[in-house]
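Peer 1: What shape does this take:
(chains A and B)
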Amino acid sequence: MSTEPIGLARDLAPKGVMRAQVGQTDLAIWRSTNGVVSAWENRCPHRGMRLSHGFVRGESLACAYHGWHYDCSGKCNYIPAHPELEPPSTIRPNIYSVVEQAGILWVNTVADAKPVSLPNDLIALRSITLDCNLPSAIDAFKAAAKVDAALFNGTVTELSQHPKILSLESPSGANGIVILFQQPHPKSVVAHLLAKDVYQTNELVAVSRWCESVRHKAEQQ
Amino acid sequence: MTITLYNYVLSGNCYKIRLLASLLDINYETIAVDFHPGQEHKSKALLKLNPAGTLPILVTDGHVFTETKDMLTWLAQHHDQSNTWWPANNSDQLTRVVQWLEFSSRLSATIGELRLNSMLNKAIDVEAAKHGSKICLRELESHLTEQRIKGIQWLSGDNPTVADVACFPYTALSPDAGIEHDDYPSIRSWLHALRSLDNFLTMPGIHELHELKSTQKISP
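Peer 2: Sure, this is the predicted structure:
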């Protein structure tokens, strides 16, 4: 698996836990109180409970089942039923590489996460889930961008060569959006949208609504 | 003034009243009703109080409330000195509060029904309820995303209101009905914000956020 975008960094606040699917791997992604993000296999080494049901306590994630605590390195540092015990260092979930870049969380389950490089004048706008396959989602966004070109100041150019990134710009390059596609399941696509920082608030709201109309079309195909 | 809530602990609608009462620090009494399996809400005595045969019922000096939205509104009007949970002095915000109060009924009619099917085997059209639940959650996600883009944290404005309290329970409890929050990042952030409020109250299926303070207490 390559490095996958799994969400907006701002949508995972400190003390937040979320679940994500990358390839065959079910992940628990969490952010500590001090802001450190971790991406782990979604399975407590103790009894297999999903860690995405867990609670952030300071710089540790506590499993919802028996409260075993794991620090940001994955090391088990507290077992409530045996408070005097120093847990063996072998007790740790599988840990994956996660980085924050361009307002996006990127995960790689086999190697170090290396995000694709994006222009630095983008703001991460929103993630939206579409119940369709990847080609339908990409086609729907391409088709809609041509029809609704007003969002891009008149005419749209497609820039990206990457199969799971759609970059739509006005000819001048002043207006535009970038969509990163993630496919957690065969019939489900998450589109992570970034917009050039020139858009006003009401225009960003319009882009957000536009995504919903695109989803409506994509799901009808 | 005595306030009495006819209550069933697993009911999302009863929880709305308990939650607002907790947030506003309102004293009240509860009378436990054996909703399941006793069907006590359909008993002669309770039908006399509420012919609709629904829960919750709120009885105060001179009033018997049978609609959850009216209870929330009344409690906020009479027990919130800040006038923010029912923003009577802000007509624009109040209009939005009324709209999202209405929306909360749709959450009850979809996610609430699906949850009753999952937990108590209530006979319903499951596919229709699943479809309706998804439409509601997408609408809520869309609105909360737009609010976030505008820099607004809550459903109707910069402060939480009875609308947030009304929409919170069945949204938060949707995993009971088999609908996870994975696809709804803005909903997750809003649920987290509501659970972070002072005097937040839990119910089965909605737990508290654990703070660092309690870790320091229990960790070695």
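
Peer 1: Where does A:Gln161 sit: helix, strand or coil?
Peer 2: coil (DSSP: H, G, I helix; E, B strand; the rest coil).

Peer 1: number of nearby residues for it?
Peer 2: 7 (other CB atoms under 10 Å in any protein chain shown). No exception for glycine: its C-beta is placed from N, CA and C like everyone else's.

Peer 1: Would you mind measuring from it to chain B?
Peer 2: 28 Å (CB to the nearest CB, to the nearest Å).

Peer 1: same deal with A:Ala9?
Peer 2: Separation of A:Ala9 from chain B (CB to the nearest CB) stands at 11 Å.

Peer 1: ok, and the closest non-adjacent residue to that residue?
Peer 2: Residue nearest to A:Ala9 in three dimensions, not counting chain neighbours: A:Glu100, with 4.7 Å by CB to CB, 6 or more residues apart in numbering or on different chains.

Peer 1: What residues does the one you found make contact with?
Peer 2: Neighbour list for A:Glu100: A:9, A:37, A:106 [criterion: CB atoms under 8 Å, 6 or more residues apart in numbering or on different chains].

Peer 1: repeat that for 10 Å
Peer 2: A:8-10, A:12, A:31, A:35, A:37, A:106, A:113, A:115 (CB atoms under 10 Å, 6 or more residues apart in numbering or on different chains).

Peer 1: Show me how the record splits the chain into domains.
Peer 2: No chain was given, so I picked chain A. For chain A, automatic domain parsing gives the domain ranges A:4-108, A:122-220.

Peer 1: Switch to chain B, please.
Peer 2: Listed domain ranges for chain B are B:3-79, B:91-195 (source: automatic domain parsing).

Peer 1: Ok, which of those comes nearest chain A?
Peer 2: Chain A sits nearest to domain B:91-195 of all the domains of chain B, at 3.8 Å, using CB to the nearest CB.

Peer 1: which element follows the worst-scoring helix or strand of chain A on mean pLDDT toward the C-terminus?
Peer 2: Scoring the helices and strands of chain A by mean pLDDT, DSSP states H and E places strand A:157-158 at the bottom, with a mean of 79. Using DSSP states H and E, the helix or strand that follows strand A:157-158 in sequence is strand A:165-169.

Peer 1: Just give the strands next to that next one in its sheet, each with its orientation.
Peer 2: strand A:157-158 (antiparallel), strand A:176-185 (antiparallel) (DSSP bridges).

Peer 1: Let's see it as CSV, backbone CA atoms only.
Peer 2: Extracted in CSV, the C-alpha atoms of strand A:165-169 (Å, rounded to 0.1, in the frame of the first residue of the first chain):
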residue,chain,number,x,y,z
ILE,A,165,-5.9,12.9,-7.0
LEU,A,166,-8.0,15.3,-9.0
SER,A,167,-6.7,18.9,-9.3
LEU,A,168,-9.0,21.4,-10.9
GLU,A,169,-7.9,24.9,-11.6
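
Peer 1: quick one: contacts of that strand?
Peer 2: A:5, A:116, A:118-119, A:122, A:137-138, A:141-142, A:144-146, A:149, A:151-153, A:155-161, A:175-181, A:191-194, A:196.

Peer 1: can you put the domains of chain B in JSON lines and add mean pLDDT?
Peer 2: Output for the domains of chain B, formatted as JSON lines (pLDDT from 0 to 100):
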{"stretch": "domain B:3-79", "mean pLDDT": "96"}
{"stretch": "domain B:91-195", "mean pLDDT": "98"}
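
Peer 1: Now the helix of greatest length in chain A: buried residues?
Peer 2: Counting by DSSP state H, the longest helix found in chain A is helix A:201-220. For helix A:201-220, a neighbour-count test (16 or more other CB atoms under 10 Å in any protein chain shown) marks A:204-205, A:207-208, A:210-211, A:214-215, A:217-218 as buried.
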